[in-house]
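Engineer: this one's sequence-less:
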(Lines give C-alpha, C1' and ligand atoms only; values in the text may rest on other atoms or scores of the structure.)
Protein backbone atom coordinates (compact mmCIF):
# COMPACT_ATOMS: atom_id res chain seq x y z
CA UNK A 1 0.00 0.00 0.00
CA UNK A 2 2.82 2.40 0.91
CA UNK A 3 4.59 1.56 -2.34
CA UNK A 4 1.44 2.36 -4.32
CA UNK A 5 0.98 5.66 -2.48
CA UNK A 6 4.61 6.58 -3.13
CA UNK A 7 4.20 5.86 -6.83
CA UNK A 8 1.05 7.99 -7.04
CA UNK A 9 2.71 10.96 -5.31
CA UNK A 10 5.84 10.57 -7.43
CA UNK A 11 3.77 10.56 -10.60
CA UNK A 12 1.92 13.70 -9.49
CA UNK A 13 5.16 15.52 -8.73
CA UNK A 14 6.69 14.40 -12.01
CA UNK A 15 3.63 15.55 -13.95
CA UNK A 16 3.70 18.95 -12.23
CA UNK A 17 7.40 19.40 -12.86
CA UNK A 18 7.02 18.51 -16.51
CA UNK A 19 3.90 20.56 -17.17
CA UNK A 20 4.10 24.28 -17.71
CA UNK A 21 2.43 26.90 -15.51
CA UNK A 22 -0.34 29.05 -16.98
CA UNK A 23 -2.34 32.16 -16.31
CA UNK A 24 -5.82 30.83 -15.54
CA UNK A 25 -7.74 34.09 -15.03
CA UNK A 26 -7.42 37.83 -15.04
CA UNK A 27 -9.98 39.37 -12.70
CA UNK A 28 -12.37 41.08 -13.07
CA UNK A 29 -13.37 38.65 -15.81
CA UNK A 30 -16.21 40.89 -17.05
CA UNK A 31 -15.35 42.49 -20.41
CA UNK A 32 -16.75 45.96 -19.68
CA UNK A 33 -14.89 47.76 -16.91
CA UNK A 34 -15.51 51.23 -15.42
CA UNK A 35 -12.98 53.94 -16.19
CA UNK A 36 -12.34 54.25 -12.44
CA UNK A 37 -11.34 50.59 -12.06
CA UNK A 38 -8.72 50.29 -9.30
CA UNK A 39 -7.09 46.87 -9.69
CA UNK A 40 -6.60 43.67 -11.63
CA UNK A 41 -5.80 40.26 -10.19
CA UNK A 42 -3.78 37.70 -12.16
CA UNK A 43 -4.29 34.07 -11.18
CA UNK A 44 -1.67 31.42 -12.02
CA UNK A 45 -1.96 27.64 -12.03
CA UNK A 46 1.21 27.25 -9.95
CA UNK A 47 3.23 29.26 -7.36
CA UNK A 48 5.34 31.82 -9.17
CA UNK A 49 8.63 33.58 -8.53
CA UNK A 50 8.76 37.29 -7.82
CA UNK A 51 10.59 38.80 -10.76
CA UNK A 52 9.21 42.25 -11.44
CA UNK A 53 5.63 41.54 -12.48
CA UNK A 54 5.18 44.93 -14.17
CA UNK A 55 8.09 44.12 -16.50
CA UNK A 56 5.93 41.32 -17.89
CA UNK A 57 2.70 43.28 -18.22
CA UNK A 58 1.68 45.24 -21.32
CA UNK A 59 -1.40 47.40 -21.73
CA UNK A 60 -2.32 48.42 -25.27
CA UNK A 61 -5.15 50.29 -26.97
CA UNK A 62 -7.17 49.09 -29.96
CA UNK A 63 -4.44 50.33 -32.32
CA UNK A 64 -1.84 48.24 -30.48
CA UNK A 65 -0.09 51.24 -28.93
CA UNK A 66 1.42 50.80 -25.47
CA UNK A 67 -0.31 52.65 -22.64
CA UNK A 68 2.14 53.60 -19.88
CA UNK A 69 1.92 55.19 -16.42
CA UNK A 70 -1.14 53.15 -15.47
CA UNK A 71 0.00 50.85 -12.68
CA UNK A 72 1.24 51.85 -9.25
CA UNK A 73 4.85 50.72 -8.85
CA UNK A 74 4.81 49.34 -5.33
CA UNK A 75 8.11 48.46 -3.64
CA UNK A 76 6.69 45.05 -2.82
CA UNK A 77 4.67 42.89 -5.17
CA UNK A 78 1.22 42.01 -3.87
CA UNK A 79 1.14 38.20 -4.00
CA UNK A 80 -1.24 36.04 -2.00
CA UNK A 81 0.13 33.57 0.56
CA UNK A 82 0.14 30.74 -2.02
CA UNK A 83 1.97 32.90 -4.57
CA UNK A 84 -0.59 31.99 -7.21
CA UNK A 85 -2.36 35.35 -7.41
CA UNK A 86 -0.87 38.84 -7.77
CA UNK A 87 -2.68 42.18 -7.52
CA UNK A 88 -1.98 45.02 -9.93
CA UNK A 89 -2.98 48.40 -8.50
CA UNK A 90 -4.00 51.12 -10.93
CA UNK A 91 -2.31 54.35 -9.79
CA UNK A 92 -4.81 55.86 -7.31
CA UNK A 93 -3.55 59.32 -8.30
CA UNK A 94 -5.07 58.78 -11.74
CA UNK A 95 -8.28 57.25 -10.45
CA UNK A 96 -9.16 59.94 -7.92
CA UNK A 97 -10.30 63.16 -9.55
CA UNK A 98 -8.63 66.30 -8.30
CA UNK A 99 -5.22 64.74 -7.61
CA UNK A 100 -2.20 66.01 -9.55
CA UNK A 101 -1.71 62.84 -11.63
CA UNK A 102 -5.37 62.89 -12.59
CA UNK A 103 -5.25 66.58 -13.52
CA UNK A 104 -2.09 66.14 -15.63
CA UNK A 105 -2.80 62.81 -17.34
CA UNK A 106 -6.46 62.08 -16.72
CA UNK A 107 -7.76 58.64 -15.92
CA UNK A 108 -5.92 55.64 -17.29
CA UNK A 109 -8.92 54.55 -19.36
CA UNK A 110 -11.20 56.50 -21.69
CA UNK A 111 -14.89 55.67 -21.82
CA UNK A 112 -15.78 53.73 -24.98
CA UNK A 113 -12.20 52.74 -25.79
CA UNK A 114 -10.99 49.13 -26.07
CA UNK A 115 -7.86 47.90 -24.27
CA UNK A 116 -5.88 44.68 -23.99
CA UNK A 117 -3.93 43.62 -20.91
CA UNK A 118 -1.25 41.03 -21.73
CA UNK A 119 0.94 38.90 -19.45
CA UNK A 120 3.99 37.67 -21.35
CA UNK A 121 5.27 34.09 -21.13
CA UNK A 122 8.65 34.86 -19.50
CA UNK A 123 7.50 34.62 -15.88
CA UNK A 124 8.93 31.62 -13.99
CA UNK A 125 7.41 29.27 -11.44
CA UNK A 126 9.41 27.75 -8.58
CA UNK A 127 10.64 24.98 -10.89
CA UNK A 128 12.18 27.69 -13.14
CA UNK A 129 9.65 26.92 -15.85
CA UNK A 130 8.24 29.68 -18.02
CA UNK A 131 4.54 30.10 -18.62
CA UNK A 132 3.15 27.84 -21.30
CA UNK A 133 1.93 30.87 -23.24
CA UNK A 134 1.19 34.54 -22.90
CA UNK A 135 -2.32 35.49 -21.75
CA UNK A 136 -4.44 38.46 -22.81
CA UNK A 137 -7.67 40.05 -21.63
CA UNK A 138 -9.49 42.53 -23.85
CA UNK A 139 -12.07 44.87 -22.37
CA UNK A 140 -14.01 48.04 -23.08
CA UNK A 141 -13.92 50.99 -20.68
CA UNK A 142 -17.40 52.11 -19.66
CA UNK A 143 -18.90 54.90 -17.55
CA UNK A 144 -17.40 55.46 -14.09
CA UNK A 145 -18.92 53.57 -11.17
CA UNK A 146 -19.63 55.84 -8.19
CA UNK A 147 -22.40 53.75 -6.60
CA UNK A 148 -21.60 51.67 -3.49
CA UNK A 149 -22.88 48.07 -3.34
CA UNK A 150 -26.51 48.00 -2.18
CA UNK A 151 -27.81 44.78 -0.66
CA UNK A 152 -31.41 45.95 -1.12
CA UNK A 153 -30.92 45.46 -4.87
CA UNK A 154 -29.72 41.87 -4.52
CA UNK A 155 -31.91 38.97 -5.62
CA UNK A 156 -31.69 35.46 -4.20
CA UNK A 157 -33.53 32.17 -4.11
CA UNK A 158 -34.77 30.39 -0.99
CA UNK A 159 -33.52 26.77 -0.91
CA UNK A 160 -35.77 23.89 0.07
CA UNK A 161 -35.39 22.20 3.45
CA UNK A 162 -33.81 18.74 3.63
CA UNK A 163 -31.88 19.50 0.43
CA UNK A 164 -28.46 20.75 -0.60
CA UNK A 165 -29.95 23.17 -3.07
CA UNK A 166 -27.58 26.01 -3.92
CA UNK A 167 -28.24 29.50 -2.61
CA UNK A 168 -27.77 31.89 -5.54
CA UNK A 169 -27.33 35.63 -4.98
CA UNK A 170 -27.48 38.05 -7.93
CA UNK A 171 -25.60 41.19 -6.91
CA UNK A 172 -26.95 43.47 -9.64
CA UNK A 173 -23.44 44.93 -9.50
CA UNK A 174 -19.83 44.08 -10.33
CA UNK A 175 -18.49 42.99 -6.95
CA UNK A 176 -14.78 42.51 -6.29
CA UNK A 177 -14.34 38.73 -6.35
CA UNK A 178 -12.21 38.56 -3.18
CA UNK A 179 -14.80 40.61 -1.31
CA UNK A 180 -17.56 38.32 -2.55
CA UNK A 181 -15.72 35.22 -1.36
CA UNK A 182 -14.59 36.51 2.03
CA UNK A 183 -16.99 39.20 3.26
CA UNK A 184 -20.35 37.45 2.82
CA UNK A 185 -21.41 34.59 5.07
CA UNK A 186 -24.54 32.56 5.67
CA UNK A 187 -25.51 32.00 9.32
CA UNK A 188 -28.08 29.89 11.15
CA UNK A 189 -28.79 30.48 14.84
CA UNK A 190 -25.63 32.57 15.09
CA UNK A 191 -23.32 29.98 13.53
CA UNK A 192 -21.75 30.04 10.08
CA UNK A 193 -23.27 27.56 7.64
CA UNK A 194 -20.41 25.53 6.17
CA UNK A 195 -20.19 25.29 2.42
CA UNK A 196 -18.40 26.37 -0.74
CA UNK A 197 -18.81 29.72 -2.49
CA UNK A 198 -18.43 29.84 -6.26
CA UNK A 199 -18.73 32.98 -8.34
CA UNK A 200 -20.64 32.92 -11.61
CA UNK A 201 -21.73 35.33 -14.33
CA UNK A 202 -18.36 37.12 -14.34
CA UNK A 203 -18.36 37.53 -10.53
CA UNK A 204 -21.77 39.21 -10.54
CA UNK A 205 -23.39 36.17 -8.94
CA UNK A 206 -22.53 34.16 -5.82
CA UNK A 207 -23.44 30.47 -5.66
CA UNK A 208 -23.29 28.92 -2.17
CA UNK A 209 -23.32 25.12 -1.95
CA UNK A 210 -23.95 23.95 1.64
CA UNK A 211 -21.96 21.09 3.11
CA UNK A 212 -25.04 19.71 4.83
CA UNK A 213 -28.74 19.78 4.06
CA UNK A 214 -30.68 22.92 4.83
CA UNK A 215 -32.84 22.82 7.97
CA UNK A 216 -36.13 24.59 8.53
CA UNK A 217 -35.74 27.98 10.16
CA UNK A 218 -34.52 31.54 9.69
CA UNK A 219 -31.12 32.16 8.08
CA UNK A 220 -29.12 35.33 7.62
CA UNK A 221 -26.97 36.55 4.75
CA UNK A 222 -24.46 38.73 6.60
CA UNK A 223 -22.55 41.26 4.51
CA UNK A 224 -19.54 43.13 5.88
CA UNK A 225 -19.59 46.92 5.40
CA UNK A 226 -16.10 46.48 3.90
CA UNK A 227 -17.54 44.69 0.86
CA UNK A 228 -16.30 46.44 -2.30
CA UNK A 229 -17.20 46.55 -5.95
CA UNK A 230 -14.54 46.55 -8.68
CA UNK A 231 -14.15 50.34 -8.41
CA UNK A 232 -13.37 49.97 -4.66
CA UNK A 233 -16.64 51.54 -3.61
CA UNK A 234 -17.46 49.96 -0.25
CA UNK A 235 -20.81 49.63 1.48
CA UNK A 236 -20.07 52.85 3.38
CA UNK A 237 -18.47 55.15 0.86
CA UNK A 238 -17.49 55.92 -2.71
CA UNK A 239 -13.75 55.50 -3.33
CA UNK A 240 -13.48 58.62 -5.49
CA UNK A 241 -15.47 60.81 -3.10
CA UNK A 242 -15.40 64.57 -2.92
CA UNK A 243 -14.70 66.46 0.29
CA UNK A 244 -17.82 66.28 2.45
CA UNK A 245 -19.33 63.42 0.43
CA UNK A 246 -18.29 60.59 2.78
CA UNK A 247 -21.17 58.41 3.80
CA UNK A 248 -21.64 57.13 7.34
CA UNK A 249 -18.99 54.88 8.84
CA UNK A 250 -21.36 52.29 10.26
CA UNK A 251 -19.33 49.14 10.91
CA UNK A 252 -22.27 46.79 11.41
CA UNK A 253 -23.01 44.03 8.93
CA UNK A 254 -25.95 44.38 6.58
CA UNK A 255 -28.38 41.53 7.18
CA UNK A 256 -30.71 39.76 4.74
CA UNK A 257 -33.06 37.34 6.47
CA UNK A 258 -34.70 34.41 4.72
CA UNK A 259 -36.79 31.56 6.07
CA UNK A 260 -36.74 27.95 4.93
CA UNK A 261 -40.01 26.17 5.60
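Structural biologist: Great, that's in hand. These figures come from a predicted structure and were not determined experimentally. Residues are numbered from 1 along each chain as shown.
Engineer: How much space separates residue 69 from residue 107?
Structural biologist: When CB to CB, to the nearest Å is the yardstick, residue 69 and residue 107 sit 11 Å from each other. Quick note: C-beta positions are derived from backbone N, CA and C, even for glycine.
Engineer: Residues that sit against both of those two, list them.
Structural biologist: Residues touching both residue 69 and residue 107 (CB atoms under 8 Å, 6 or more residues apart in numbering) are residue 94.
Engineer: Neighbour count for those two, which is higher?
Structural biologist: Neighbour totals were compared for residue 69 and residue 107, and residue 107 leads with 22 against 13 (other CB atoms under 10 Å).
Engineer: mind listing what the more buried one touches?
Structural biologist: Applying CB under 8 Å, 6+ apart, we find residue 107 in contact with 35, 36, 94, 95.
Engineer: And the strands in the stretch 151-261 of the chain, which stretches?
Structural biologist: Counting by DSSP state E, counting those that start in this stretch, the stretch 151-261 of the chain has these strands, from start to end: 155-156, 167-170, 184-188, 191-192, 195-200, 205-210, 217-223, 254-260.
Engineer: among the ones you listed, which is nearest residue 19?
Structural biologist: Closest of those to residue 19 is strand 195-200, at 24.7 Å (criterion: CB to CB).
Engineer: Tabulate the contacts of residue 107 (TSV), appending neighbour count.
Structural biologist: What follows is those, written out as TSV (neighbours: other CB atoms under 10 Å):
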residue	neighbour count
35	19
36	25
94	23
95	26
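Engineer: from those residues, which single one is nearest residue 61?
Structural biologist: Top of the list for closeness to residue 61, among these and by CB to CB, is residue 35 at 13.6 Å.
Engineer: Tell me how far the closest one lies from residue 188.
Structural biologist: Here the distance between residue 35 and residue 188 works out to 41 Å (CB to CB).
Engineer: go on, residue 81?
Structural biologist: Taking CB to CB as the criterion, residue 81 is separated from residue 188 by 29 Å.
Engineer: Those two - which one has more neighbours?
Structural biologist: Remark: of residue 81 and residue 188, residue 188 carries more neighbours, 15 against 6, as counted by other CB under 10 Å.
Engineer: Tell me what the more buried one is bridged to.
Structural biologist: Taking DSSP bridges, one obtains residue 191, residue 219 as the residues bridged to residue 188.
Engineer: And the one 10 residues further on, by the same measure?
Structural biologist: Beta bridges link residue 198 to residue 207 when assigned by DSSP bridges.
Engineer: Pull the contacting residues for it.
Structural biologist: Residue 198 makes contact with 206, 207, 209 under the criterion CB under 8 Å, 6+ apart.
Engineer: Please tell me which one of the residues you listed counts the most neighbours.
Structural biologist: Using other CB under 10 Å as the neighbour definition, these reach their maximum at residue 206, which records 24 neighbours.
Engineer: shouldn't that one be in contact with residue 171?
Structural biologist: Yes. Contact criterion CB atoms under 8 Å: residue 206 and residue 171 qualify, at 7.1 Å.
Engineer: which neighbours do those two share?
Structural biologist: With contacts defined as CB under 8 Å, 6+ apart, the residues shared by residue 206 and residue 171 are residue 180.
Engineer: so how far is residue 114 from residue 40?
Structural biologist: Following CB to CB, the distance that separates residue 40 from residue 114 is 16 Å.
Engineer: So if I had to pick from those two, which one is more boxed in?
Structural biologist: More neighbours sit around residue 40 than around the other of residue 40 and residue 114, counting by other CB under 10 Å; the figures are 22 against 15.
Engineer: Leaving out sequence neighbours, find the closest residue to that one.
Structural biologist: By the measure of CB to CB, 6 or more residues apart in numbering, the closest residue to residue 40 outside its immediate chain neighbours is residue 88, 4.5 Å from it.
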